[in-house]
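**Student:** Quick one: sequence and predicted model below, then my questions.
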Number of protein chains: 2
Amino acid sequence: MTEMLSAAALAQAVRAGRLTPADVAERCAEAIRAQEGEVRAFASLDLDALTAKATSPGLAETPLAGLPVGIKDILDTVDFPTERGSPLYAGYRPATDAAIVRMTARAGGLMAGKTVTTEFAFMQPSPTRNPRRLSHSPGGSSAGSAAAVAAGMLPVTIGTQTGGSVIRPASYCGVTGYKPSYKMLPVLGLKPFSWSLDTLGLFGAHVADVAFAAGAISGRDFALDHDANAPRIAVAKTARAHLATEDAHAALEQAARAAERAGASVTVVDLSEAVEKGDEAHAAMQGYEAALALAHEWDHHREALSPTLGTYLEEAMRITPEQYDAGRRLARQSRHALSDLFADYDALLTFSATGEAPEGFATTGSPAFNRLWTMSGAPCINVTGLTGATGLPIGVQLVGRFGRDRALLEAARFLERAIGA
Amino acid sequence: MTEMLSAAALAQAVRAGRLTPADVAERCAEAIRAQEGEVRAFASLDLDALTAKATSPGLAETPLAGLPVGIKDILDTVDFPTERGSPLYAGYRPATDAAIVRMTARAGGLMAGKTVTTEFAFMQPSPTRNPRRLSHSPGGSSAGSAAAVAAGMLPVTIGTQTGGSVIRPASYCGVTGYKPSYKMLPVLGLKPFSWSLDTLGLFGAHVADVAFAAGAISGRDFALDHDANAPRIAVAKTARAHLATEDAHAALEQAARAAERAGASVTVVDLSEAVEKGDEAHAAMQGYEAALALAHEWDHHREALSPTLGTYLEEAMRITPEQYDAGRRLARQSRHALSDLFADYDALLTFSATGEAPEGFATTGSPAFNRLWTMSGAPCINVTGLTGATGLPIGVQLVGRFGRDRALLEAARFLERAIGA
């Protein structure tokens, strides 16, 4: 497998004149030509257009320095079909780009193609393979975005998370996945699944890469402080700890010990019931909203939905507004209780997924360790560097305080280094 | 002018067998044929289809009893063009219906047509006239939705509010406008302007009518309690009170006195600085988000935007992410401070607009008394029954506690009766 591409390093090389944007595009195109046949990370792709765009003048001076970017096919693009992982939208061309596509273009990123999404970003497995072992799932729903980075085909990709669709595939594919605070990046032009939960995310090789890309695209100052204090970390296994495999527990333990050795304060905490209840809230919110988000498809094209999605929506439609409102109240209480916890800690350390990537393609894996954090709106990062029983990656997840994304990125880089040391 | 149509009374008559859905559709069609030439409330209209749909079996037993409904043309519809008040979308047909369109259809409402929106629901005046005096503005941006109800052409219309686009036109046109709590009704399929602020709203003749329609469409129990306690009302003129005309002050005073006479406790309050700061927050949030929501149109079709909108976006693009984030923090603080206030009061009574509808069509009027409440996410209602110096309607606004929509509707009905007494 090709080595992963570091977005931060490539941009620096372009800015220093050691590489041109055309060189970078060519490197990506080569990796894609070599591996896409097996990995199947792309829903659509235009390498000729990418090569042509890469020669535009002035790209090297842009925030993204002309880096090629992959966009999950659940997001609207005018220049590429937007098929949403569903035959219902075969060849569909939206009238406008998603806001994140415009932001990426304005920042000097070059659209390489659309990365594979599961059907409407839900649980039906996609054709994408895990580049770390092709017989295994890359996870979902941002399957193509995680795989394209893992395979060294692209330095930056955009995904989305409603349950666990950024952090879980990042863990399975051994890449860094970053789900920013809710609403930090705009979801306009995303085919919604659950508007209270749908969150954009970024994939890159390492923490510095997603920090660089998020800063460049959003215009925020995410230059990481090299002298940042060692973080105060709370290890929170959650009420669902029993769902994690032995090697996932071992990885979490390793990460905690590495952080401690590197100077972090590490405390094991039990989450309060109020925080944990957010997990229940997620189910009611996602179900009620998905039944409305896909109302048109359900009312007119039910037969074209996968059984996985169809069955889910059928049950979801029974959620009453009262249950939904009760879920939203639980969610609010959970967010408040979580925010109290951050008075004493800079980041929570927890599982990214239940274990290694599942073998075969019957499932995209479980979002059991992601739903609560998506619901909370808090920023999350999958930190790489550890492996499971069979040698596949097992990531660990850091969760930060809402709106304090830079502090979380700094803590994640600290942990990444500690694990690598 | 035709008398307004009461949605609640019509539905009751249909259910009791005194009217058929076809009778109601015909009554609407007659009013539309008589008045649409002058009022111009519709962006598109299909009376033949309405008449045909009204004969479908089983309609009388649906929650909306087959009532005709108008949908603001900023919301996606498959059966009607969705032009968003912009030549850029002339004849545009989206792939799916907006969620509220599906909810309305599922509840047994019949789409009569699309009601006029200002360009992308911003401030550029539309062709719609105020049915109460055709030489005057109906307000914006839900101009057609407010005018269609005021002219007795439809019993229920859907609008949206980002600044003051439900409450202000309701006040100008003398109809009841109800902006529910943020996210109570889904905005999916709305062309976004500002995703933290965009909120759906309903127009009807009286409070009972919007309560009936909101309950029928959302499946929530909004049957008003006839024995509800007299509300504890706080009169809050806000830091912008000097922008209200003398007759707007007089109307607010009249409303407060009427409520008091009817048994409500009425207290004049000053809003804390924390609450008032939400008004500043609105500007940063709306600007930053609008610049992204219309990024595609700006990047590719700038020349097709009105000068009003183009100038706004040009300035909005200068808002930095840091200013946006600061605005969001102010917003959060303002919401918390407002929520504290509701420990002691059931509703705030304030201005709906600065005064009567403006003469002519140079402006849609000022949202000065609406932005803070849109930002807060709190439910708001324009209560009718009072008039200004020249005899045009002047509404007053009741603001409720977030998520307590039924309590607000009950307080509004109390006030409406008190004013009418």
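**Tutor:** Ah, there it is.
**Student:** Up against chain B, what does the stretch 251-400 of chain A have?
**Tutor:** A:289, A:292-293, A:295-297, A:299, A:320-322, A:325, A:328-329 (Cβ under 8 Å from any Cβ of the partner chain). Just so you know, the C-beta spots here come from the backbone N, C-alpha and C atoms, and that holds for glycine as well.
**Student:** Would you mind checking those for buried ones?
**Tutor:** In those, burial by neighbour count holds for A:289, A:292-293, A:295-297, A:325, A:328, counting by 16 or more other Cβ atoms under 10 Å in any protein chain shown.
**Student:** one step back: turn the residues of the stretch 251-400 of chain A next to chain B into CSV, columns for secondary structure and pLDDT.
**Tutor:** Shown next, in CSV, are those (DSSP: H, G, I helix; E, B strand; the rest coil; pLDDT from 0 to 100):
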residue, secondary structure, pLDDT
A:289, helix, 97
A:292, helix, 97
A:293, helix, 97
A:295, helix, 96
A:296, helix, 95
A:297, helix, 97
A:299, helix, 96
A:320, coil, 97
A:321, helix, 96
A:322, helix, 96
A:325, helix, 95
A:328, helix, 95
A:329, helix, 95
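**Student:** What is the nearest of those residues to residue A:15?
**Tutor:** When those are compared for distance to residue A:15 (Cβ to Cβ), residue A:293 wins out at 41.1 Å.
**Student:** That closest one and residue A:192 touch, don't they?
**Tutor:** Yes. Contact criterion Cβ atoms under 8 Å: residue A:293 and residue A:192 qualify, at 4.4 Å.
**Student:** Between these two, which contacts overlap?
**Tutor:** Among the neighbours of residue A:293, those also in contact with residue A:192 (Cβ atoms under 8 Å, 6 or more residues apart in numbering or on different chains) are residue B:188.
**Student:** Mind jotting down where the strands sit in the stretch 201-350 of chain A?
**Tutor:** Under the criterion DSSP state E, counting those that start in this stretch, strands of the stretch 201-350 of chain A are mapped to A:232-236, A:265-269, A:347-351.
**Student:** now swap in the stretch 51-200 of chain A and tell me
**Tutor:** Using DSSP E, counting those that start in this stretch, strands in the stretch 51-200 of chain A cover A:68-72, A:110-115, A:156-161, A:176-179, A:199-204.
**Student:** any chance of the ones you listed in TSV, plus distance to residue B:307, mean neighbour count and mean pLDDT?
**Tutor:** Listed next are these as TSV, based on distance: least, Cβ to Cβ, whole Å; neighbours: other Cβ atoms under 10 Å in any protein chain shown; pLDDT from 0 to 100:
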stretch	distance to residue B:307	mean neighbour count	mean pLDDT
strand A:68-72	33	31	98
strand A:110-115	31	27	98
strand A:156-161	34	30	98
strand A:176-179	40	31	98
strand A:199-204	32	29	98
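**Student:** residues contacting residue A:417?
**Tutor:** By Cβ under 8 Å, 6+ apart, the residues touching residue A:417 are residue A:262.
**Student:** try 10 Å this time
**Tutor:** A:206-207, A:258-259, A:262, A:383, A:385 (Cβ atoms under 10 Å, 6 or more residues apart in numbering or on different chains).
**Student:** Near chain B, which residues of the stretch 101-250 of chain A are found?
**Tutor:** Selection of the stretch 101-250 of chain A residues close to chain B by Cβ under 10 Å from any Cβ of the partner chain yields A:101-103, A:105-106, A:181, A:183-189, A:191-192, A:195-196, A:215, A:218-221.
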